[in-house]
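S.K.: Structure for this input, please:
(2 chains)
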Amino acid sequence: MLCNICNKNQATVHLTEIVDNQMTELHLCDDCAKKKSIQMEQQFGLSDLLAGLVDYSKQLGGSEKMAAGTQCPFCGLTYEDFRKIGRLGCSECYTAFGRYLGPLLKRIHGASQHVGKTPLSLPQEGLKSSARSVRGSSVTELKTRLQEAVDHEEFEEAARLRDAIKEAEKKKKETKKENESE
Amino acid sequence: MNLNDLINQVSSWLKGTGPHSDIVISSRIRLARNLEKTPFPHWAKKNDAEQVLVSTKAAFERTAELKSAVFLHLEELDNIDKQFLVERHLMSNEHAVRSNQKALCVTSREDVAVMVNEEDHLRIQVMESGFDLDKTWDVINSIDDQLSGFLPYAFSREWGYLTACPTNTGTGMRGSVMLHLPALVMSRQINKVLEAIAKLSFTTRGLYGEGTQASGNFFQISNQVSLGLREEEILGNIKGVIGQIIEQEQKAREVLLAEHREMLEDRIWRSYGTLKNAHIISSSETVELLSMLRLGNDLGLIENMERGLINELFILTQPAHLQKLEGKKLSANERDVKRAQIIRERLKV
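M.R.: Residues are numbered from 1 along each chain as shown, chains lettered A, B, ... in the order given. The predicted structure follows:
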């Protein structure tokens, strides 16, 4: 039996679809089956489920019209777009749709406050994460970061990096001396 | 390193070593990261996406673990090569299908792989053999720390790392563990286990990743929640749950050996016999039989066989691998023949 889509290759996948009580049978070759399965995944995927959640949280956030019309000033994505595709357009969308996203995140994760790690380029909260962040980094990397911290006027972070560089350079010298004396 | 070199080596995460490697195939962590004020890949114009490729490539070149990694522009690869990378668990199917302005950075050990412009600008993945999420976390955390010094990550104090899909917002982290649970399946306890896992908001997937069904007794279990918990807490939860499942599987194996030894030995040796002698074999039959062979090996019933060899066969018998080994495109029927041939060759004592 030949594939129903390309009519070229041998059909190896046999698919039964029921749409509105109408049953159709499809016989597909490997390649066409793969394409079809990707299409099907897209037809009903995570975005559909997410859209359900979005609809719900919109009720909490304000009137439907207001929500749908909101647009991200940076990338132009509207809340209606987000509702359809289940993906945000850029980092700024989080600010633009903030009041609707808060309840949505809460529904997905059961929480709406991040407590995990912070990028090193930002001031760290608490000693523990700071200690972890410089470990294993080379002096060159630390210096790059130091420059960035200074540029961003993050002086607390800069001081911490400066100390880490001093420490690393001291260690380097000591190893060098040890190697030379051997 | 060249893409074609990969076929002659076993990925480091498939070696069959590490803690609890009789039950746990591998541990994997991925982090979703994006650049601030840059449209996410699905919403980006061509220029934006190309700029992301340039800036991330430069950042990888300054990152210790990625310095000597290969950076592949997916548009330059043919379909078999892309499928080959998917089969090796180095990237997603989604990444292979729409490959415009997409890239993959992969190390020679294949323990680190970064997809560029998949759903998020960066999807960093680290994999280790056996049950070792701590080591996996140390590696990925260091890579992430270094990259954050070179790339302006999209991050908010309130919501953490900002991702294209809100289901990943927060830590952007997904930790997962691939388990081989034949005894729980045979003793019909697996559904109970999977139901319990779902209640604790973990997800179960199959051997071949996202969107695949569990087959051949392989289950990939990962966290769903990424916001409101610290990375170490998320990993601690996974470790706790997986530890329990390992214990259950061990008990089930002991019971099978004690009460149904003959039945078990029969299934295992028949599987071995078929694998060693078949001339035509489908991929689903291969997975089922290799699973039995692995169990036989793990229980010490089949001796003198490397666990890594069995693990490798799961990957080598996939369609794109067979076609790369043969050096040309093969039809489904031709693949069944080639698959049987490869298995016979590798299992020759």
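S.K.: can you pull out the helices in the stretch 151-300 of chain B?
M.R.: Using DSSP state H, counting those that start in this stretch, the helices of the stretch 151-300 of chain B run over residues B:182-186, B:190-199, B:231-259, B:261-277, B:283-298.
S.K.: what's the spacing between the third one and its chain's center?
M.R.: Chain-centre distance of helix B:231-259: 19 Å, with C-alpha atoms, centre = their mean, to the nearest Å.
S.K.: do it and chain A meet?
M.R.: Yes: using C-beta under 8 Å from any C-beta of the partner chain, helix B:231-259 reaches chain A at residue B:231. Where C-beta positions appear, they are placed from N, C-alpha and C, glycine not excepted.
S.K.: Direction-wise, compare that helix with helix B:261-277 and give the angle.
M.R.: 110 degrees (axes from the mean of the first three to the mean of the last three C-alpha atoms, to 10 degrees).
S.K.: got the angle between helix B:231-259 and helix B:190-199?
M.R.: Using the same axes, to 10 degrees: helix B:231-259 against helix B:190-199 is 170 degrees.
S.K.: just checking, what packs against helix B:231-259?
M.R.: On a contact count with 3 or more C-beta pairs under 8 Å, 6 or more residues apart in numbering or on different chains; DSSP states H and E, helix B:231-259 meets strand B:24-33, helix B:133-150, strand B:173-180, helix B:182-186, helix B:190-199, strand B:218-223.
S.K.: hang on, the earlier thing: which stretch among the helices of the stretch 151-300 of chain B is buried most, on average?
M.R.: Sort the helices of the stretch 151-300 of chain B by mean neighbour count, taking mean count of other C-beta atoms under 10 Å in any protein chain shown, and helix B:182-186 sits at the top with a mean of 23.
S.K.: Output the below-cut-off pLDDT ranges for the chain.
M.R.: Picking chain A for this. Where chain A drops to pLDDT under 70, the residues are A:15-24, A:37-68, A:125-137, A:153, A:175-182.
S.K.: try again with chain B
M.R.: For chain B (pLDDT under 70), the answer is B:208-215, B:349.
S.K.: any idea which residue sits dead centre in it?
M.R.: Nearest to the geometric centre of chain B sits residue B:89, at 4.5 Å (C-alpha atoms, centre = their mean).
S.K.: okay but that residue is in contact with residue B:111, surely?
M.R.: No: judged on C-beta atoms under 8 Å, residue B:89 makes no contact with residue B:111 at a distance of 11.0 Å.
S.K.: Find residues that contact each of those two.
M.R.: Common contacts of residue B:89 and residue B:111, defined by C-beta atoms under 8 Å, 6 or more residues apart in numbering or on different chains, comprise B:11, B:13, B:127.
S.K.: Which residues are in contact with the first one?
M.R.: Residues counted as contacts of residue B:11 (C-beta under 8 Å, 6+ apart) are B:88-89, B:109-111, B:127, B:315.
S.K.: still on that earlier bit, in three-state terms, label the residue nearest to the centre of chain B for me.
M.R.: With DSSP: H, G, I helix; E, B strand; the rest coil as the basis, residue B:89 sits in coil.
S.K.: Backbone dihedrals for it, both of them.
M.R.: phi 60, psi 30 (degrees, to the nearest 10).
S.K.: residue ranges of the strands in chain A, please?
M.R.: A:13-19, A:22-28 (DSSP state E).
S.K.: Nearest spatial neighbour of residue B:69, chain-adjacent residues omitted?
M.R.: Spatial nearest neighbour of residue B:69, excluding adjacent residues (C-beta to C-beta, 6 or more residues apart in numbering or on different chains): residue B:107 at 4.5 Å.
S.K.: Please tell me I have it right and the one you found contacts residue B:113.
M.R.: Yes: if you go by C-beta under 8 Å, residue B:107 and residue B:113 touch, sitting 7.5 Å apart.
S.K.: Counting neighbours, go ahead and name the busier of those two.
M.R.: residue B:113 (23 against 19; other C-beta atoms under 10 Å in any protein chain shown).
S.K.: So what sits opposite that one in the bridge?
M.R.: residue B:106, residue B:125 (DSSP bridges).
S.K.: and it, what does it touch?
M.R.: Neighbours of residue B:113 in contact, by C-beta under 8 Å, 6+ apart: B:90-91, B:104-107, B:125, B:127.
S.K.: if you set the cut-off to 6 Å instead, what comes out?
M.R.: By C-beta atoms under 6 Å, 6 or more residues apart in numbering or on different chains, residue B:113 lies in contact with B:90, B:106, B:125.
S.K.: Using JSON lines, lay out these together with neighbour count.
M.R.: Putting those into JSON lines (neighbours: other C-beta atoms under 10 Å in any protein chain shown) gives the following:
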{"residue": "B:90", "neighbour count": "23"}
{"residue": "B:106", "neighbour count": "25"}
{"residue": "B:125", "neighbour count": "22"}
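S.K.: Look up how far residue B:59 lies from the nearest residue to residue B:157 once chain neighbours are set aside.
M.R.: Of all residues not flanking residue B:157 in the chain, residue A:114 sits nearest, at 7.1 Å (C-beta to C-beta, 6+ apart). For residue A:114, the distance to residue B:59 equals 23 Å [C-beta to C-beta, to the nearest Å].
S.K.: Look at the two and report which has more neighbours.
M.R.: The neighbour count for residue A:114 versus residue B:59, taken as other C-beta under 10 Å, is higher for residue A:114 (26 against 20).
S.K.: unless I'm mixing things up, that one is touching residue B:160, no?
M.R.: Yes: if you go by C-beta atoms under 6 Å, residue A:114 and residue B:160 touch, sitting 3.1 Å apart.
S.K.: Kind regards, and thank you for your time.
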